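Novice: Next input, structure requested:
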Amino acid sequence: MPGLRAYAQKPNRKGKNVSVIGAISLKGLLTQWSVLGSIDALIFDGFISQKLVPQLWPGAVVIMDNCSIHKSDELEALIIAAGARLIYLPPYSPDFSPIENC
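Specialist: Here you go, the predicted structure:
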């Protein structure tokens, strides 16, 4: 109503923090993993070794940003052993990351 202050109620309960890691290709979603809480190096390593690497093919290209948990010699070796290539994006360049547009 004109002249009256607008009020709104919002819920005061917070939900649980759910994090999602995903991998896409030109054909669509390759794999994803949802976890309660935040993603640390152990969870990310599990995603790469258990979910992503089995979906890779010779000639695939894996693109990751420069987050410190993405940089591991073991993960790089797993990706290369699957016949894929690993590319790290330049720092502070989310515009170059295709999954940021999903």
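Novice: drop to CA atoms for contacts and neighbour counts, all remaining ones
Specialist: Fine.
Novice: quick one: average pLDDT of whichever helix in the chain runs longest?
Specialist: Ranked by residue count, the top helix of the chain under DSSP state H comes out as helix 73-81. Averaging pLDDT along helix 73-81 yields 97.
Novice: Give me the buried stretch members for it, please.
Specialist: Leu75, Glu76, Leu78, Ile79, Ile80 (16 or more other CA atoms under 10 Å).
Novice: Tell me which residues touch the third one, please.
Specialist: Leu78 sits next to Ser49, Val53 when contact means CA atoms under 8 Å, 6 or more residues apart in numbering.
Novice: Nearest spatial neighbour of Glu100, chain-adjacent residues omitted?
Specialist: Leaving aside its chain neighbours, Glu100 sits nearest to Pro94 (6.7 Å; criterion: CA to CA, 6 or more residues apart in numbering).
Novice: buried set for stretch 17-31?
Specialist: Buried residues in stretch 17-31, counted by 16+ other CA under 10 Å: Ala23, Ile24, Thr31.
Novice: Any chance you could list what contacts the one helix or strand Ile24 maps to?
Specialist: Following DSSP states H and E, one finds Ile24 within strand 18-25. Here strand 18-25 makes contact (CA under 8 Å, 6+ apart) with 29-39, 47, 52, 99.
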